[in-house]
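A.B. asks: what's the 3D shape of this:
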Amino acid sequence: MRMKSSLFITTLFILILITLPIYSNEKILAQNLLIKAINHIESNHKLADYFAEKSYAYHQNLPEYYYIKNRLIPPLRENNLKKKMLADLILTNLDQAFIVDHYTLLKSVIFTYENLLAYEECIPLYDIILDYRDRNLYDDYLDYIILLFYKKDYPKIIEVIKEAQKNYQHLDLVYHLTKAQLLNQSITDQELTKVIDQLQANHYQDSKIFYLKVLAAENSIIPDLYPEYEKLKMMQKISPTLEKNICFQLLSKNSDLTTDQNQYLLKQWIDDNGLKDFRSNEILKIIPELKDATDDLALQFNNYTGTRTKDINEDGMWEEYFYFKMGQLLEWKIDQNQDGILEKRLDFFDNGKVKNSFQYLGIDSYWQYTFNEMDDSLKQAILWKNNLQQKIISYYQSELFIKNPDNIDRDMFTNYIDNIELPGLHKTYIKYYQGVIQYKQFDFDNNGYYEYKQIFQQGKLIEGLRDTNGDKLYDLKEIYQSEKLKTILSRTDPDFDGYDYKEEITNNGIIKYWDENKDHIYEIAVEQFQESEMNKYDINFDGKYDYLLKKHKNDSYTFYKIQNNQLLPILYQEKKNETVKKGWVVISTKNIEMLKFPQTIELTNYQSYAGIFTYNNQKKMFKNRRIKNKDFDYQIFFINNQIFLFDQSQ
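C.D. replies: Numbering: from 1, shown residues only. Prediction:
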């Protein structure tokens with residue numbers, strides 16, 4: 001036993017020695033390829049991607065691979081989710097970095113997260129970066145502060161700036177600290193005056209100092225600041241990045257400004273592309289008289305046609321999108337994290353009522369809810385995937401009214417469903433009443449005609465109807481019990497008003513029925529089991545079976561006469577061909593070799609079983625299924641193109 005254990009350990013050690021160099025060599029190969037990729041990342045994206053992909057074949061846990069792939073993908077809305085996945089993998093494999101330092105890798109992750117407005121995920125990464133004391137972190141502090149302004153976390157901004165000021169004495173930090181304190185309402189007038197004096201003494205940007213004054217000012221103080229605004233404008237000392245912010249702040253506190261001053265500010269707002277800024281919506285609320293005004297500036301607001309966006313982090317990718325036509329909002333979309341999956345979308349009619357509401361499940365799938373323009377009721381819910389309709393739910397007309405059209409829970413409204421359509425390769429239509437399914441229809445070839453219909457009772461399947469030949473008549477009927485198929489009825493003759501074939505499914509097998517003469521009586525019944533088969537015949541067409549043929553496994557069979565619900569054996573044959581004469585199957589209690597038969601039999605009417613038979617070279621007519629003369633007496637029966645002759649002679 002001890003020898004076996006020793007042998008196992010030795011073998012394992014040898015395997016490790018063999019595989020370790022292979023694993024190590026593959027990692028080195030991957031690293032060399034990634035170095036080549038990095039060398040081409042600025043000059044030749046295609047070549048950089050080629051080397052990166054080759055490296056991945058050798059090793060999958062090097063963060064440089066995900067860093068390169070992330071950099072090669074453009075920072076577009078439709079790419080943000082993919083870039084987020086790559087950034088996550090950079091973090092997962094950060095400890096495997098071999099050429100790109102942790103600082104650079106973390107900054108690339110932060111940049112990706114910021115594009116998705118994933119500020120909470122950025123904060124711990126900034127905290128790590130700001131612990132790298134061996135480099136100048138001033139720009140990183142500023143980036144972190146700006147991110148926190150987007151997040152409106154003013155206490156955290158104040159905390160970060162005070163930490164930064166331990167190592168950096170820049171006036172930008174003073175400016176940002178003061179702005180955060182103003183927005184956080186945690187600075188006194190005396191402290192503000194002292195800061196402004198400090199900034200002016202050090203010749204800080206006039207527009208930023210003025211912006212702090214406007215932020216701090218009450219409405220009543222704005223008229224006193226207005227001359228300074230005019231002076232800065234005239235001297236062109238307001239930076240473009242602050243122009244709209246200052247203008248908006250003045251308009252939002254405009255109650256004590258003169259009409260001319262308001263008009264001037266509105267013109268400045270329009271000239272600076274302000275009508276494309278989402279804050280124009282706020283201006284219309286701040287200055288309600290604009291709605292009824294008829295001057296040119298008011299009309300530009302009220303009759304605006306075009307897009308309006310909200311881009312908080314000013315990266316060129318909106319978080320909210322508005323489309324107006326003649327001042328009326330027609331479309332409103334929200335993609336708060338800029339990942340391409342909308343959190344909200346509403347379309348509006350020209351009268352301002354909601355036309356469509358959208359609920360997004362992913363980039364390429366969403367629910368569309370359509371509303372009735374006349375009474376605001378919900379009409380339909382449509383599921384889309386890859387620009388194709390997957391499901392259409394139609395509700396009772398003018399019965400379902402939604403209080404919050406941008407947050408719809410379909411499960412709450414099942415009792416209002418009128419029907420559901422399932423488009424696609426095989427179209428399905430489902431009819432409901434008070435939330436319970438009534439019937440389904442199926443269009444298998446998508447030609448606009450439903451070839452198959454299922455009928456339900458109390459929500460359970462009871463019947464199916466099928467048009468098998470496309471003549472728009474149901475020629476096949478299915479009957480269900482406990483939603484299991486029990487009976488199939490088929491019409492082979494389109495002129496027949498009934499079903500001339502039937503199958504019944506039992507626990508033991510299948511029973512098949514034929515109505516050959518189309519008289520609504522199944523004169524043939526065939527029961528198929530594993531060990532045998534039984535055929536029943538109604539030779540006088542009165543709805544009662546007269547004979548039974550039982551076929552045995554060894555090809556022998558027994559004929560029975562059915563009398564008073566009892567089986568009376570009348571014939572046993574070892575082989576079927578012993579009863580076949582001239583191609584007819586003869587059933588008799590007598591010795592078949594002793595019987596006489598017609599020379600020919602010709603059926604001229606299959607429904608009435610009339611025709612002509614020949615005997616002794618003489619033709620004679622017969623009717624009502626009876627072929628009879630002084631030498632024989634047969635009841636004729638036609639089953640599956642086979643003539644059966646039942647001997648009736650005494």
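A.B. asks: residues near residue 488, how many?
C.D. replies: For residue 488, the count of nearby residues is 19 (other Cβ atoms under 10 Å). C-betas here are computed from N, CA, C, even on glycine.
A.B. asks: which helices and strands does whichever strand or helix holds it pack with?
C.D. replies: Here residue 488 sits within strand 484-490, counting by DSSP states H and E. Strand 484-490 sits against strand 476-481, strand 501-505, with contacts defined as 3 or more Cβ pairs under 8 Å, 6 or more residues apart in numbering; DSSP states H and E.
A.B. asks: can you redo the ones you listed as CSV with mean neighbour count?
C.D. replies: Listed next are the helices and strands packed on strand 484-490 as CSV, based on neighbours: other Cβ atoms under 10 Å:
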stretch, mean neighbour count
strand 476-481, 17
strand 501-505, 17
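A.B. asks: Show me what the strand holding residue 488 pairs with in its sheet, parallel or antiparallel.
C.D. replies: Strand pairing for strand 484-490, using DSSP bridges, gives strand 476-481 (antiparallel), strand 501-505 (antiparallel).
A.B. asks: what does the longest one contact?
C.D. replies: Yep, that's strand 476-481 we're talking about. 460-468, 485-491, 499 (Cβ atoms under 8 Å, 6 or more residues apart in numbering).
A.B. asks: From those, keep the buried residues only.
C.D. replies: 461, 464-467, 487-491, 499 (16 or more other Cβ atoms under 10 Å).
A.B. asks: for the chain, what are the low-confidence residue spans?
C.D. replies: By pLDDT under 70, the low-scoring segments of the chain are 1-24, 555, 571-579, 639-640, 650.
A.B. asks: let's see 50
C.D. replies: 1-5, 7-23, 577 (pLDDT under 50).
A.B. asks: re the thing from before, looking at the strands paired with strand 484-490, spot the one closest to residue 552.
C.D. replies: Among the strands paired with strand 484-490, the nearest to residue 552 by Cβ to Cβ is strand 501-505 (22.2 Å).
A.B. asks: so what's residue 583 closest to, chain neighbours aside?
C.D. replies: Nearest residue to residue 583, sequence neighbours excluded (Cβ to Cβ, 6 or more residues apart in numbering): residue 643, at 7.4 Å.
A.B. asks: where's whichever strand or helix holds that neighbour relative to the chain centroid, distance-wise?
C.D. replies: Per DSSP H and E, residue 643 falls inside strand 642-647. Computed by Cα atoms, centre = their mean, to the nearest Å, the separation of strand 642-647 from the middle of its chain amounts to 62 Å.
A.B. asks: Okay, now the sheet partners of it, with direction.
C.D. replies: strand 584-587 (parallel), strand 633-639 (antiparallel).
A.B. asks: okay if I get the helices and strands packed on strand 484-490 as JSON lines plus distance to residue 350?
C.D. replies: Putting those into JSON lines (distance: least, Cβ to Cβ, whole Å) gives the following:
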{"stretch": "strand 476-481", "distance to residue 350": "50"}
{"stretch": "strand 501-505", "distance to residue 350": "59"}
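A.B. asks: Looking at those strands, spot the one closest to residue 330.
C.D. replies: Taking Cβ to Cβ, strand 476-481 is the member of those nearest to residue 330, at 49.5 Å.
A.B. asks: Show me how far that closest one is from its chain's centre.
C.D. replies: Worked out by Cα atoms, centre = their mean, strand 476-481 lies 33 Å from the chain centre.
A.B. asks: Residue 595 touches residue 632, doesn't it?
C.D. replies: Yes: counting by Cβ atoms under 8 Å, residue 632 is a contact partner of residue 595 at 6.6 Å.
A.B. asks: hey, what's in contact with both of those two?
C.D. replies: 647, 649.
A.B. asks: what about the strands in the stretch 251-400 of the chain?
C.D. replies: Assigned by DSSP state E, counting those that start in this stretch, the stretch 251-400 of the chain shows strands spanning 306-310, 320-325, 328-334, 344-348, 354-360, 365-371, 378-385, 388-395.
A.B. asks: Kindly reformat those as a markdown table containing distance to residue 224.
C.D. replies: Converted to a markdown table, these look like this (distance: least, Cβ to Cβ, whole Å):
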| stretch | distance to residue 224 |
| --- | --- |
| strand 306-310 | 31 |
| strand 320-325 | 34 |
| strand 328-334 | 37 |
| strand 344-348 | 41 |
| strand 354-360 | 45 |
| strand 365-371 | 50 |
| strand 378-385 | 53 |
| strand 388-395 | 59 |
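A.B. asks: what about the ones you listed, which gets the closest to residue 583?
C.D. replies: strand 388-395 (57.8 Å).
A.B. asks: packing partners for the closest one?
C.D. replies: Going by 3+ Cβ pairs under 8 Å, 6+ apart, strand 388-395 lies up against strand 378-385, strand 417-422.
A.B. asks: Direction included, what does the last one pair against?
C.D. replies: Read it as strand 417-422. strand 388-395 (antiparallel), strand 427-433 (antiparallel).
A.B. asks: Can you lay out those strands as JSON lines showing mean neighbour count and distance to residue 284?
C.D. replies: Formatted as JSON lines, the strands paired with strand 417-422 follow (neighbours: other Cβ atoms under 10 Å; distance: least, Cβ to Cβ, whole Å):
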{"stretch": "strand 388-395", "mean neighbour count": "18", "distance to residue 284": "34"}
{"stretch": "strand 427-433", "mean neighbour count": "18", "distance to residue 284": "44"}
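A.B. asks: I'd like the ones you listed as JSON lines, with distance to residue 580 appended.
C.D. replies: What follows is the strands paired with strand 417-422, written out as JSON lines (distance: least, Cβ to Cβ, whole Å):
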{"stretch": "strand 388-395", "distance to residue 580": "59"}
{"stretch": "strand 427-433", "distance to residue 580": "50"}
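A.B. asks: For residue 116, which of these is the nearest?
C.D. replies: Closest of the strands paired with strand 417-422 to residue 116 is strand 388-395, at 27.8 Å (criterion: Cβ to Cβ).
A.B. asks: how far off strand 365-371 does that closest one point, in degrees?
C.D. replies: Counting by axes from the mean of the first three to the mean of the last three Cα atoms, to 10 degrees, strand 388-395 points 40 degrees away from the direction of strand 365-371.
A.B. asks: what distance separates strand 388-395 from the centre of its chain?
C.D. replies: Computed by Cα atoms, centre = their mean, the chain-centroid distance of strand 388-395 equals 11 Å.
A.B. asks: closest to residue 431 out of the helices and strands packed on strand 484-490?
C.D. replies: Among these, strand 476-481 comes nearest to residue 431, with 17.3 Å by Cβ to Cβ.
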